[in-house]
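Novice: Can you look at this prediction? I've put the sequence above it.
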Amino acid sequence: MRRRYVSVVGFILVAVLLLAGCTTQPQNAGNTESKSIVIKGSDTEVNMVQALAEEFRNQHPDITISVSGGGSGSGIAALINGEIDIANSSREISQEELDQAKANNIEIGTFIDARDGITVIVHPNNPVEKLTLDQIGKIYRGEITNWKEVGGKDMPITLYGRQSNSGTFTFFRDVAVKGDYASSMRSMNGNSDIINAVAQDETAIGYVGVGYFKQAQNQVKQVLVSTDGNNYYSSTDLQAIDQKLYPLARPLYQYVKMPLTQAVKDFLTFEISEEGQAIVEENGFYPIGPEERAISEALLNK
């Protein structure tokens, strides 16, 4: 009788262990989701982040990363809807967007991977070398309409800018235009489109991320920018960026869904590593400074 009791107990124990093994397997399979990272958003950041993602994949072949553009607003909207892991954004997220995320039970964290200096560009044949921020605002509001009003040739000014879902559109409007864009502004899909348009139009003025300008210096010309009419600065001057003298400098953000998966955390850590920041510079942008690093490291330590 005792022998039969031991046999039954042993049978039950084996069955329990087998069942535990079966239930463990799906849990491990479910972890495959954490090995995938989906990134969407800023056209300014897309090439740089793609380069970062490619090198990260070389070092972590088990992790897949998808990077696409579409504009900062599109990336943030996708994050709010739970469709992606990281939203690249060249502007700060708005309180309204944070409220929408909260309503969807999504907690959003802030990360900064690089810095930018929006570059005002004109055709190489345009003799205008510098503009004040006030003049740029008047040009884009449609109050200055001829280049002769700012020391150039007697020819109309053709405005090129970004579409409204672009973070660059929003930042430039808030900092430089300080009002509504003129209805005559031609809205372009991305930085490259603006460069191509300005390169072919002697009357043109446009604005692009510094990384895009650096790659197209043989096609377009940069205009130096001043806030006081005395001291003019270049977007390609790192010292002016560091000292906050160039008025169109900005952080480049990545908004993330919290809590971070291990794969996302590893990728973000790579972006602000020495190797990652070297890739940022290779793409024409600037590495983060102490203030931006403090924000990013605080996120990683949560």
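Specialist: Nice, thanks for sending it over.
Novice: now the strands for the stretch 201-302 of the chain?
Specialist: Assigned by DSSP state E, counting those that start in this stretch, the stretch 201-302 of the chain shows strands spanning 204-208, 221-222, 224-226, 249-258.
Novice: ranking the ones you listed by burial, who's on top?
Specialist: Counting by mean count of other CB atoms under 10 Å, strand 204-208 has the highest mean neighbour count of the strands of the stretch 201-302 of the chain, with a mean of 27. (C-beta placed from N, C-alpha, C; glycine too.)
Novice: and that strand, how far from the chain's centre?
Specialist: Distance, stretch centre to chain centre, for strand 204-208: 19 Å (CA atoms, centre = their mean, to the nearest Å).
Novice: CA atoms only: put it into PDB for me.
Specialist: What follows is strand 204-208, C-alpha atoms only, in PDB (Å, rounded to 0.1, in the frame of the first residue of the first chain):
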ATOM      1  CA  ALA A 204      15.100  81.400 -51.900                       C
ATOM      2  CA  ILE A 205      15.500  81.300 -48.200                       C
ATOM      3  CA  GLY A 206      15.100  78.200 -46.100                       C
ATOM      4  CA  TYR A 207      16.000  76.500 -42.800                       C
ATOM      5  CA  VAL A 208      17.400  73.000 -42.100                       C
END
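Novice: Next, count neighbours for Glu202.
Specialist: Using other CB atoms under 10 Å, Glu202 has 15 other residues around it.
Novice: mind checking how far it is from Val128?
Specialist: To Val128, Glu202 is 11 Å away according to CB to CB, to the nearest Å.
Novice: Also Lys40?
Specialist: Taken as CB to CB, the span from Lys40 to Val128 is 37 Å.
Novice: can you pull out the helices in the stretch 201-302 of the chain?
Specialist: Counting by DSSP state H, counting those that start in this stretch, the segments of the stretch 201-302 of the chain that form helices are 210-214, 238-242, 262-271, 274-282, 290-300.
Novice: So which of those is the most surrounded?
Specialist: Highest mean neighbour count of the helices of the stretch 201-302 of the chain: helix 210-214, a mean of 23 (counted as mean count of other CB under 10 Å).
Novice: now for it, which elements pack on it?
Specialist: Helix 210-214 is packed against helix 43-59, strand 107-117, strand 119-122, helix 191-199, with contacts defined by 3 or more CB pairs under 8 Å, 6 or more residues apart in numbering; DSSP states H and E.
Novice: Deepest in the core, which of those is it.
Specialist: It is strand 119-122: most buried of those by mean count of other CB under 10 Å, with a mean of 26.
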